[in-house]
Structures are given as C-alpha cells and as structure tokens.
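**Student:** Mind looking at a prediction? Sequence and model below.
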Amino acid sequence: MLELDRLVITQDDFRLAADFSIPKAARVAVIGPSGAGKSTLLSVISGFFRPESGRIRWDGQDITDTAPGLRPLSILFQDQNLFPHLTVSQNVGLGLRPDLRLTAADRARVDEALARTGLDGLGDRRPGTLSGGQQSRVALARVLLRARPLMLLDEPFAALGPALKDEMLELVADIAGETGATVLMVSHDPADALRFAGLTVLVADGVAHAPRPTAALMADPPEELAAYLGRPG
Amino acid sequence: MADGAQPLGTWLRLAAGGAAALVAALTVVPLGAVLARAGGVVMLGPADWAAVRFTLLQSTLSAAISLALAIPVARALARRQFPGRGLLITLLGAPFILPVVVAVMGILAIFGRGGLFNDGVAALGYGRISIYGLGGVVLAHVFFNLPLAVRLLLQGWLAIPAERFRLAAALGFGPAEVARHLERPMLKALAPGIFATVFLLCLTSFATALILGGGPRATTVELAIYQAFRFDFDLARAAALASLQLALCAVTALAAARFAVPAAFGTGLDRPFARWDAQGSARRWLDAGLIGIPALFLLAPLAAVVLSGMPGLVSLPAPVWKAAGRSALVAATSTGLTLALALPMALAVARSGRARTLEAAGMLPLATSALVTGTGLFLILRPLASPAALALPVTVAVNAVMALPFALRSLTPPARDLEAGYGRLAQSLGLTGLARLRLLTLPRLRRPLGFAAGLTAALSMGDLGVIALFADSDRATLPLELYRLMGAYRMEDAAGAAVLLLALSLAAFWLLDRGGRADAGT
C-alpha cells in the first residue's frame, strides 16, 4: 500500500496537498487540468522533488528520504527514458544491474524480457534506430526486469498515436498483472482512465484528492472535474 | 534540494573540492608568496613604469585593431556562402593552439627585415621597416587575436535569428538598414567583452614580447618579470613587478567579467545561413577581399615556416629531438592533470545547478599570469629543490592550470545538458558512482573531453612561459630550445625545429580531438 501522509508540496506560488493511500495492485489514473501538479506529485513520490512536509510510505516503510534509485518503484518519464549511446540490451540490462556486469543468466533474462515485449532480435540496435513504439517497449522491458512493486507513468506514451498508445497500455496492464505491481498513471484522456484504471485521483485546485472508482467519478463528476472535462457538473 | 539539483556523491564532492583547492593552491598561494616577498619596500624605477605604459599601450592597440578588423571580416563571412567556408572557419581556430614561437617566426619570415613584405616595400622604392618593438608586438597579437575576435563575432551574427533577416528582406532592407536594425545592436552588446578578452590575453602574453619586444621602449611587465628573475636574479624586484602585473590582470578580469562573451569554441559556426541583403557584384568583390586578405595574413606566415623548415627537419641536432621528447611528456602529463581537474569540477557544477565558488575557482587562472605563478612557485619551493630540478614539474603544473578555464568552458555546457537530459533517468535506475562514470558520463562527454584534451596538449606543447624562468640546457622543452636556436642565429636548425614543434602541436590536437569523435554513438 502506498501512503501519502499529509503531504504538502510547495514550489514558489504553487502548492499541492495530498493525504490518502492507494491499495496494492491497484491501477490508478491521475487526472486533472494541466499545471495542477500531476507530474509534480509523481516527482515527489519518485524522489526527485522533496515535499515541504508529510511522509511517503510503502507497505508501512517510510521512503520519504530514500534515494530515487532505491525506492520500490520504476518511473517512465515523458521522454528520455533510454540512453541513446547504449544498445537496447544494455538499456534493458540496467534494470538488473546498474553497472551492467551481467552474468550469462542475466543476459538470458534480458533476452526473455525483450521477447516478452516483442523486441526479438533488436537487442544490438541503438534506440535511435527504433520506432517510437519500439522505444516504449524497450523502456517497458526494463520495467519488467526491475520488477518493482510500484510503477509510475508520467505520460510516456503521449507522443504515440492512439492505436499504439492502446497497445502500450495493454502491455503495461499485462506487465503489472504479472508482477503484481501497483500502477499510477498521469493521463489527459478520460477514456484512458475509464479503460485502464479502476481508480482515479483527481488533482485540481491545490489538492490531490483521494482515489475514487473511475466509472463512478466520471458518471458524476465533481465541479472541478466537470470543468476540466468540459461538461456541466 | 530544488528540482534539477541533486546531492553530490561523496567521491564527486571530494574530487571537485580537491580540484578546486589544488587550482587555488597553484594560483592564489604563489600570488601570496610573491606579495609577501615584495613586502612593499621595493621602489619601482622609471624603467618599470615604462614597462607598465608599454604593456597598456600594446594591449589597447592590439585589442582595438583586432576588433576593428574583425567586424568587417565576420560580417563578410556571415553573409557569404562559398566552397571552403567551413574549412576557413575551422582554420580561424588554429592560431589559438599554434605555438607562439612558431607563429612569430612565420611573422618574421613575412614581415621581418628580409621578409617578403619588406621585399615588396623595397621594390616600391620605400625603406625597409623594422618589425621589432611596438609594431611587431601588436602585429603578432593581431595575428593571434583577429581570428579569435572573428569567431566570437561570427557567433554573434549567427545568434541573430534567421527569421529577422527574412523579415528584413520582406521589408526591403538594404545593407545599411540591416546594419542599423540588426547588426549594430548585436555589436554593441558583444564588442566590449571581446575587447576585454583580447586585452587580457595581450596583457599576459609573454613569448611574443620576449622575441619581438625588449629594450627600454618595448618591454612588457611580463617580460620585465622574466628579466628581473633570470638576468638580475633580483627576486624583490621580480616580486614587485609581479604584484603590479597581478593588479593589472585583476582589474581587467573584473572589467571583462561584466561583459558577455560567447563561448569561443561553439560548434555550428559553419551552418548555412540564408541572406537576401548585400547582393550585387561590387559587394561580392568587397567581401571576397575582406575574407581573402585576412586569410592570406594568417596562412602566409605558416606557409613560410613550413617551406623554410622542411629541409632542416632531417638534419636536426640531437638536443632538439630530446627537447621534443620532453615537450611531449610535459604535454601528456599536463593534459592528464587538466582533465582530472576539469571533469569533476564540470560535473559538480552541472549537478549542483549553481556552484559559484567552484566556477570562480575554475576561471581564476584566466586572471593570473603564468610568470607570476611561476615566480611564486619558485619562491615557495626554493628551500626544497634547485630551480632547474623544478623546471619540468612546475611547467606541467602551470600549463595544466592555465588550460583549465578553456577545458571547463568546453566541458561544462555539455555536462549541464547531460545532467538535464539523463540525470533523472540515471538516478531512477540507481546508476551511480563509477558505473555512472563508465556507462553514462564518459561515453556521452567523449567529444568535449577529446576537444579539451587536444586543446590542453597543444597549448602545453607550444608553451614558452615558466620554462624560460627555470630551465637549464638539460631540461629545455622544444619551444625553449627553438628560442635558443633563434637567439644563436642557427636559422636552419631553428626553422626545422619550428616545423617539428608545429607538427607536434597540431598532431596532438588532431589526434585527441579525433579520438573524441571517432565511433561516438549518437
């Protein structure tokens, strides 16, 4: 269970409060107007931005001061999820050992992850020679190998077309299903939230609201969400 | 920790802190030693004040002439496309890594008493002009700094958005209107900084004044320090002069720091540039001349050195080869030292967002003179070892520190980009310490590292500075040996040694810079 305990995030004039928990293995959409702080919330959970006050706990363990790489999570950013000078296999291998001193068994696992994500035979290529969809698959193969219990997606598929994006979300769902991971996904698209996420966190007006069932939330949106969705509340 | 900034790893903190401390130890501590030795009791004579006046005069003239000539040349280069333009712009970077002694020899071959230029003057019925003294020093400084000023200005021109020129064309602007609305504001912003940069370089230039200056009318402060130290062994006077030089440098550096200067080694200077103004054949010919004449001014001296030196290359005496070996060793060692100092400093600056103290420490050597530092180190180390024994180690240290600002200027911006692009990804994967250095930092910074290494190696290989203070004949580097051959009028050997030194400097730069480019993944 991910607990955000009276978390307060401030940056210049910006302020965001969050005080809720997310059950294990849940798939949660984070939705709200741009500039509301969706990405900032993920930055704080992943350790790139220090909260003003409050604690973050995973399974009861305080991770507020843990270094990003040691937190029980994998994050995919909007872009720059791969190192362009390393091969596909090396990029995926970083998920097993950051120093890339891989044993034969490790390499077999990398190949397996590549096969699992539909990247058979592309291990020796550089990311620059792959399509956008394939690059996303490489990043997901690494997430699969890292097998951290929490997966944060900060709109990594925003640049892909609708069909490809759906494909990627399915792959995410499969991987999360296999590893039992909890998923937190920033989204602009209510349709994505409805299809992919059972729960939705609404971020608006300086508050990240406690997660609610997505279908119920969309059927009867509170005022802030209705304004964002563009329909009467 | 605000976003973007990260806590520095222990090893990086130690390495960067240690590097900054070492730089300070090699610049500030020798200054302190000099100031303590000077002690205020030494009265500077009229000759010393004449040196101050000459230094200021030649620096002002050199900077003013370089800048004044650079403006039309850069303007012509900015608005013309021609085959070889990229190569020419690359060549404009060459004087910076050229050994000063070699370039001065080339200038003598063209403008000296028996040179081609004077032959032409004599053929026209005028008397031959002498290059020694103020004229020669300024001529050589323009040779070195005109290309630098052109490159800096060219960057200013290229920083004007192409859309502005398109708009100017749409509004029917001619060259005069383009100058008034687009070019003059840019020049106003850049010219003071470029003037100050060139002024500072001329203020601390030593080898040029050593060869072309001298005597009561053409001695710079830097040269006077050398003479007090080397000929009179008057330490108090050397220290007093060094304090004076320190004050001049500090004032100029402070003034220069107030102006913006674009990075001298920016890439992309040869990118295509669409211009619609300045058409017409008369302007074309004018620009051709504005580009061709300076190109000739730069290339003719070097061609003269190469042509006259090639025959002597095969029969060079053994001491020249030994000196060349010493120079290669000095260059290799100081290059390693510079990179070991620059890389952790650049990474620490990039990672901590702002690190004013660290950045200031890295730029400190720009404001110090090599001879002042050398004098200070000598005063400190004198109780421990003989000057001759210290000659090479002190030269390595001073060369490494003097090249540091240039290495940092080429490393810090890419290190910042690396941090901005991949810092978070590396952190999220737990890529830290040596693994990060091996898998991320070194591969991604290969090009600027290669460039910085090449620059340092070439500067160190061609340096004739502190080594002249200390060395005896058993410990001479190649530039010093070359200077001695010139002084002994062994012109054939000198010409051969000059070609050797030129080849070594350019080869060192080319090999290291190439090494950074080869097989660099995208």
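**Tutor:** Great, that's in hand. It should be emphasised that the depicted structure is a prediction, and the values quoted were computed from it without experimental measurement.
**Student:** Any idea which residue of chain A lies closest to chain B?
**Tutor:** residue A:69 (2.6 Å; CB to the nearest CB). In this view, the C-beta of every residue, glycine as well, is placed from N, C-alpha and C.
**Student:** Just the element for the residue in the stretch 351-500 of chain B that chain A sits nearest to, please.
**Tutor:** Nearest residue of the stretch 351-500 of chain B to chain A: residue B:430, at 2.6 Å (CB to the nearest CB). Per DSSP states H and E, residue B:430 falls between elements, in no helix or strand.
**Student:** Next: residue A:56.
**Tutor:** Counting by DSSP H and E, residue A:56 is found in strand A:53-58.
**Student:** What is that strand packed up against?
**Tutor:** Counting by 3 or more CB pairs under 8 Å, 6 or more residues apart in numbering or on different chains; DSSP states H and E, the packing neighbours recorded for strand A:53-58 are strand A:2-11.
**Student:** For the strand it packs on, which helices and strands make contact with it?
**Tutor:** strand A:14-22, helix A:38-46, strand A:53-58.
**Student:** And the contacts of it?
**Tutor:** Residues from elsewhere that reach strand A:2-11 (CB atoms under 8 Å, 6 or more residues apart in numbering or on different chains): A:15-22, A:37, A:40-41, A:44-45, A:49, A:51-58, A:60, A:150, A:182, A:184, A:208, B:2-3.
**Student:** Any buried residues in it, and which?
**Tutor:** A:2, A:3, A:4, A:7, A:9 (16 or more other CB atoms under 10 Å in any protein chain shown).
**Student:** ok, now stretch B:78-96?
**Tutor:** Result for stretch B:78-96 [16+ other CB under 10 Å]: buried residues B:78, B:79, B:80, B:85, B:88, B:89, B:92, B:93, B:94, B:95, B:96.
**Student:** With stretch A:7-27 instead?
**Tutor:** Applying a neighbour-count criterion of 16+ other CB under 10 Å, one finds A:7, A:9, A:16, A:17, A:18, A:22, A:26, A:27 buried in stretch A:7-27.
**Student:** likewise stretch B:107-122?
**Tutor:** B:107, B:108, B:109, B:110, B:111, B:112, B:115, B:117, B:118.
**Student:** among the residues you listed, which are within reach of chain A?
**Tutor:** Here nothing survives when those are matched to chain A using CB under 8 Å from any CB of the partner chain.
**Student:** tell me the mean pLDDT for whatever helix or strand residue B:322 lives in?
**Tutor:** Take DSSP H and E as the rule and residue B:322 turns out to sit in helix B:318-351. Throughout helix B:318-351, pLDDT has a mean value of 94.
**Student:** could I get the next helix or strand after it in CSV with only the CA atoms?
**Tutor:** With elements assigned by DSSP H and E, the helix or strand that comes after helix B:318-351 is helix B:356-363. Extracted in CSV, the C-alpha atoms of helix B:356-363 (Å, rounded to 0.1, in the frame of the first residue of the first chain):
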residue,chain,number,x,y,z
ARG,B,356,29.6,30.0,-7.9
THR,B,357,32.7,29.3,-5.9
LEU,B,358,33.6,26.3,-8.0
GLU,B,359,33.1,28.1,-11.2
ALA,B,360,35.1,31.1,-10.0
ALA,B,361,37.9,28.8,-9.0
GLY,B,362,37.9,27.3,-12.5
MET,B,363,38.2,30.8,-14.1
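**Student:** Tell me what angle helix B:356-363 forms with helix B:318-351.
**Tutor:** Orientation check (axes from the mean of the first three to the mean of the last three CA atoms, to 10 degrees): helix B:356-363 against helix B:318-351 gives 160 degrees.
**Student:** What residues does chain A have near chain B?
**Tutor:** Residues of chain A lying near chain B (CB under 8 Å from any CB): A:11, A:43, A:46-50, A:67-70, A:74-75, A:77, A:80-86, A:90, A:94-95, A:98-100, A:126, A:128, A:142, A:146.
**Student:** if we go to 6 Å?
**Tutor:** A:48-50, A:68-69, A:75, A:80, A:84-85, A:94, A:98-99, A:128 (CB under 6 Å from any CB of the partner chain).
**Student:** Could I get the full set of helices for chain A?
**Tutor:** According to DSSP state H, chain A carries its helices in the segments A:38-46, A:88-93, A:104-116, A:132-146, A:162-179, A:190-196, A:214-219, A:223-229.
**Student:** For the helix or strand of chain A with the lowest mean pLDDT, which outside residues touch it?
**Tutor:** Every helix and strand of chain A was ranked by mean pLDDT, DSSP states H and E. The lowest is helix A:223-229, at a mean of 85. Contact with helix A:223-229 is made by A:33, A:202, A:204, A:205, A:233, as judged by CB atoms under 6 Å, 6 or more residues apart in numbering or on different chains.
**Student:** Quick check: closest non-adjacent residue to the first one.
**Tutor:** Distances taken as CB to CB, 6 or more residues apart in numbering or on different chains place residue A:228 nearest to residue A:33, at 4.9 Å, with adjacent residues excluded.
**Student:** Give the burial count for the one you found, as a bare number.
**Tutor:** Using other CB atoms under 10 Å in any protein chain shown, residue A:228 has 19 neighbouring residues.
**Student:** and the closest residue to residue B:211 other than its chain neighbours, how far is that from chain A?
**Tutor:** In space, and not counting its chain neighbours, residue B:211 is closest to residue B:104: 4.9 Å by CB to CB, 6+ apart. According to CB to the nearest CB, to the nearest Å, residue B:104 and chain A sit 43 Å apart.
**Student:** helix, strand or coil for residue B:104?
**Tutor:** helix (DSSP: H, G, I helix; E, B strand; the rest coil).
**Student:** these two touch, right, it and residue B:213?
**Tutor:** No: contact criterion CB atoms under 6 Å: residue B:104 and residue B:213 do not qualify, at 10.7 Å.
**Student:** How many residues are close by residue A:224?
**Tutor:** 18.
**Student:** same question, residue B:344
**Tutor:** Neighbours of residue B:344 (other CB under 10 Å): 23.
**Student:** ok, it to chain A distance?
**Tutor:** 20 Å.
**Student:** Can you name the residues that contact that residue?
**Tutor:** Counted by CB under 6 Å, 6+ apart, residue B:344 has contacts B:12, B:15, B:16, B:19.
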